Each structure stands twice: as structure tokens, then as C-alpha cells.
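Asker: Predicted coordinates and the sequence they were generated for:
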Amino acid sequence: MTRLPEDRYTLIGVNGSPYSMKMRAILRYRRLPFNWVIRTTRNTHLLDHIKPALIPVLYVPGDEIPKIDSTPMAYMLEKRHPGQRSIIPEDPVQAFFCHIIEDMADEWLTKPMFHYRWMYEADIKYAMQWIIDERFPDADDAERQRQMDLFASRQIGRMPLVGCTEENRSAVEGSYHRILGILEGSLNQHKYLFGSRPSLADFGLFGQLTVLATDPTPLAVMRGKAQQLESWLRVMEDTSGIEGDWHSDPEPSNTVKELLSFAGEVYLPFLEANKTALEKGAESFKLTILGHPYSQGVFSYQVKCLDEIKRRYQALAESDRERAAPVLKEAGILIHL
């Protein structure tokens, strides 16, 4: 039985999970002592009592209650370790922009990640094999094949739930291409979204994009369109040696503005359509994204995401809202707040 240390964090996840990769990278950057435990059949007892059984799971030293959901985890670490290589920009307006981008990465960019992994045959075969090899280290060949078939079938069956359907292919793949175009050439070892140090938004993007840079089809797309971005992802694996500062200029960079415009064009309308459908008691909703039809079943968690963005905006001081408003208006976000 795996024994949890009393003086270190324990992060339980898998290498195929964008949120696990995100949290591991955050802990590394912040130089917080932790053990990385890959979830396997040998340590399921560490997760049996967790409902819902989501990963990653973070055990805090001295606290037997595990933490789930990467964004609350990241903010929890900010409270526990104030001033220790924070990933939240000091300027409250920049911090708000950071939150929007990170939330968009978690909730929208995960769609291209899931789409590519389970839409194309080469990606299905690749993912099902290495993920099961990691999860079931003691399986013989017959059991390994059985688990691969079950896993692939389960994941493919979930595709409509998360909006990864043939009807939505153009909108989802178009989103991936747009993000690659925005980020290519704008990030490197010494250049991040809000300065010369990584922010929560950088880590949110990294989590999804590093998985997309693992699977064959989206990796080929990235190398053809944004190979410098792939180089940045390698750096983001471990930024514990990075020293940097936040931008002193309160004006956001062009890259941040473009990401906010993407959020205003795609993510916020998606959140609003989902919330409206839920309020009407509908089971699904439709809208146009990047000029293409998009439909999906309603999802209550994403109502919380929209409400949290609005709450954070209202929590800004009036002077900060005034500073943020022109940028948010230009990005098409202000109308949703």
C-alpha cells in the first residue's frame, strides 16, 4: 500500500491528463516539495473514496481530505504559499485576464484535445495503448487488450457529451488552428503571457497543448503550423529554474488581447448558450462558432465557470473595472459580464 508523506504534497494523476500535467508543472515552478504518483491498479485505494473520481488529486500535508479540480487547487496553493513564486499577476486587471484565459483553456481547449485523441484511428490506437500500459502495469497481453478495447470504447462513447462530434469537427479543429496561430512565435523560455515568468494562464494552456503535442494527428498539425510552440511546451514541463517578472506595462500584450478576443468570439458565447439552455430546461443547445455549426448537451459545471468569471469581474475595484472595460469591450467579452 502506498503511504502518503507527511511533509510533502502528493499529486496523483496520469500523463495523459491535461489537468495532471498542468498541476505537476505548477508545483515544479513554485518549487513546492511533492511526490508525483501515477495512478495505476496498484494504488487505486488512494482514490476509492473520492467522489467524483476525478484526476488529478492533490493531498496536502497534514490534511487527509484530498483536493480535486485543478483551478481551485492552484488558487489554494496561492493562499498556502503567498509570495512564493506566485502564478497570479500582481495587477488585478491582468489577474482577471489571466483567469479568463486559463478557464478557457480548461473548458474549451480541452475539446480539441479530446476530439483529436478519439476521432482519428491513428490517435485512438496510440492513446489506448500507452494509457493502458501506464494504468495496468501488471496486465498480461490478453488483459491488456481487453482493457484497451474497453477504454477506447468508453472514451469514444463520451465524445457527444463533450461536443466532439462529426457535426462539430470544423468548429473544434478550427479552434485548435486559431490558438496555434495566436501563440506561435509569441512564447519562449523567457517570454510568457504576462511577463518573463509563467502565469496560471500559461499553465492552463500548457496542460491541454502538451497532450495535443503527444498524439500523432494534432502533433503533426502543431509541427506544421507552430513548431516554436512545441519548443515552449518542452520548457513548460519544468520551469523551476525560471526567474522573471510580471509586465510593468498595464496594457496587455497583443497575444493576451488575441486570446481574449478568441474567448469573446468562442468561449463566452458558448458558456452563455449553455446557461440559457439549462435555465430553459433544454437538454442541448446550438450556436455558430467560427462560422461553423456547433451543438452539445448542457453541462452544469460550465454555468459555474461563467458565474465565477462574472463574480471576479464584479469583485474588481471600480477603477480596475474601468481599466479593464476597454480591453474587454474590444474582445467582445464585456457584453457577457
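Answerer: Structure received.

Asker: all strands for this protein, in order.
Answerer: For the chain, applying DSSP state E gives strands covering 9-13, 34-38, 57-59, 67-68, 284-289, 292-297.

Asker: Of these, which shows the lowest average pLDDT?
Answerer: Here the lowest mean pLDDT among these goes to strand 67-68, at a mean of 88.

Asker: So which elements touch that one?
Answerer: Identification of packing neighbours for strand 67-68 by 3 or more CB pairs under 8 Å, 6 or more residues apart in numbering; DSSP states H and E yields strand 57-59. C-beta: built from backbone N, CA, C; applies to glycine.

Asker: Other residues contacting the strand it packs on?
Answerer: 4, 9-13, 23, 46-47, 50, 66-68, 73 (CB atoms under 8 Å, 6 or more residues apart in numbering).

Asker: What of stretch 222-233?
Answerer: Identification of contacts with stretch 222-233 by CB under 8 Å, 6+ apart yields 177, 180-181, 183-185, 187-189, 206, 209-210, 212-213, 219.

Asker: now these: which count as buried?
Answerer: Buried positions within the contacts of stretch 222-233, assessed by neighbour count (16 or more other CB atoms under 10 Å), are Leu180, Leu183, Glu184, Leu187, Phe206, Leu209, Thr210, Leu212, Ala213, Leu219.

Asker: and the end-to-end length of stretch 103-117?
Answerer: Across stretch 103-117, the terminal residues are separated by 21 Å (CA to CA, to the nearest Å).

Asker: what's the spacing between that stretch and its chain's center?
Answerer: Centroid displacement of stretch 103-117 relative to its chain, using CA atoms, centre = their mean, to the nearest Å, is 7 Å.

Asker: hang on, the earlier thing: looking at the strands of the chain, which is closest to Phe97?
Answerer: Phe97 lies closest to strand 284-289 among these, at 21.5 Å (CB to CB).

Asker: Mind giving me the packing neighbours of that closest one?
Answerer: Contacts defined by 3+ CB pairs under 8 Å, 6+ apart place strand 284-289 against helix 169-183, helix 268-279, strand 292-297.

Asker: Give me the number of neighbouring residues for the nearest residue to Leu161 once chain neighbours are set aside.
Answerer: Once flanking residues are discounted, Leu161 sits nearest to Gly297: 6.0 Å by CB to CB, 6 or more residues apart in numbering. Neighbour count for Gly297, taken as other CB atoms under 10 Å: 14.

Asker: Roughly how far does Gly297 sit from Lys304?
Answerer: According to CB to CB, to the nearest Å, Gly297 and Lys304 sit 16 Å apart.

Asker: circling back to that earlier point, same list (the buried ones among the contacts of stretch 222-233) but as CSV, adding distance to Ala127 and pLDDT.
Answerer: Listed next are the buried ones among the contacts of stretch 222-233 as CSV, based on distance: CB to CB, whole Å; pLDDT from 0 to 100:
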residue, distance to Ala127, pLDDT
Leu180, 20, 97
Leu183, 23, 97
Glu184, 25, 95
Leu187, 26, 90
Phe206, 19, 98
Leu209, 16, 97
Thr210, 14, 97
Leu212, 12, 97
Ala213, 13, 96
Leu219, 12, 97
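
Asker: one step back: most neighbours among the contacts of strand 57-59, which one is it?
Answerer: Taking other CB under 10 Å as the neighbour criterion, Met23 ranks highest of the contacts of strand 57-59 with 28 neighbours.
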